[in-house]
Structure formats: C-alpha cells, structure tokens
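Novice: coordinates for the following, if possible.
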Amino acid sequence: MRFHTRKWIKPEDLNPNGTLFGGRLLEWIDEEAALYAIIQLENPRTVTKFMSEINFISSARQGDIVEIGIDVLHFGKSSLTLSCEVRNKMTREVIITIDKIIMVGLSEDGSPMPHGKTQIEFVKDRLDPSTEADQSKD
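Specialist: Below is the predicted model of the structure:
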C-alpha cells in the first residue's frame, strides 16, 4: 500500500463525540482516490462509480495525523479499481479499510471512455527521455 497523503485532525474535523467525523474521512478518501485515478488514467473527468462496504475499525482525535493509502487492484476498460486503508500515525492503528473503490474515466459527453492503461505508471516514467537529456545540459 502506498500512503500518499497525510491529514492533521483539526477541530472542524470532529464529530460531537470529539473524534474524527466519518463523513470528513470519506470526503478525504474520495478525493485521494479521484486524484490518484486522474493521474493514472490521465483524464481529469474521472469519477467515483462504486465504494464497497466501509468498516470503521478505530478513530482519531484532534491533533492526530492520519495517512491515506491507495493500492491499485485492477485496470478495467474505462475504470481503475483501487483499495484504501487509512491509519492513525499517532496510535499506529488502522482507522478504516475499503476493499474496493471503482473510478471511471469519462469522455466529454459523460460516457465511459477507454483509457488503454494496464499497469501503474509513475510520472517520472512518462517523461520524454530526450527532454531529460536536454534538461541535464542546462
């Protein structure tokens, strides 16, 4: 699991119990999944199609730092299937796991658009080698 994002729990992130509001955490997860999928599919019109059962295992309190991890499970024709785990950096406990999040890339008319991707790509691997050589001369 690759943990890309950290969030610091602030007063506005809390529920009446004084712990992390589940809706806020789901908002962060959805945003992280969307950003990850947009970068992988190279399509800014990528949307959430499905999220499997959500199971809160523990929580976080004000001042805690949580990390959001994303893994790729499968590349579909127009979709990307991810899994997610959020953990509390302070207590080292898993807060939530989501086994399956399906993100779909859309065309301009809003219909699913094939992306042709089959594996994870890193931005550094997308760079044109001739561009890198030119930059190293500067």
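Novice: C-alpha from now on. contacts and neighbour counts both.
Specialist: Fine.
Novice: residues in contact with Thr97?
Specialist: Listed by CA atoms under 8 Å, 6 or more residues apart in numbering, the contact partners of Thr97 are Ile54, Asn55, Phe56, Ile57, Ser83, Cys84, Glu85, Val86.
Novice: what strand or helix carries Glu27?
Specialist: For Glu27, the enclosing helix or strand under DSSP states H and E is helix 22-41.
Novice: next SSE downstream of the helix or strand harbouring His74?
Specialist: Under the criterion of DSSP H and E, His74 resides in strand 65-75. From strand 65-75 onward toward the C-terminus, using DSSP H and E, the following helix or strand is strand 79-88.
Novice: which residues touch that next one?
Specialist: Applying CA under 8 Å, 6+ apart, the set of residues contacting strand 79-88 from outside is 1, 29, 33, 37, 41, 59-60, 64-75, 93-105, 114-115.
Novice: partner strands of that strand, with direction?
Specialist: Strands adjacent to strand 79-88 in the sheet, as given by DSSP bridges, are strand 65-75 (antiparallel), strand 94-105 (antiparallel).
Novice: what is the orientation angle of the longest one with helix 22-41?
Specialist: In terms of direction (axes from the mean of the first three to the mean of the last three CA atoms, to 10 degrees), strand 94-105 departs from helix 22-41 by 40 degrees.
Novice: what comes up buried for strand 94-105?
Specialist: With burial defined by 16 or more other CA atoms under 10 Å, the residues of strand 94-105 counted as buried are Val94, Ile95, Ile96, Thr97, Ile98, Asp99, Lys100, Ile101, Ile102, Met103, Val104, Gly105.
Novice: just to revisit the earlier point, of the contacts of Thr97 - the most surrounded one?
Specialist: Neighbour counts for these were taken using other CA atoms under 10 Å; the highest belongs to Val86, which has 25 neighbours.
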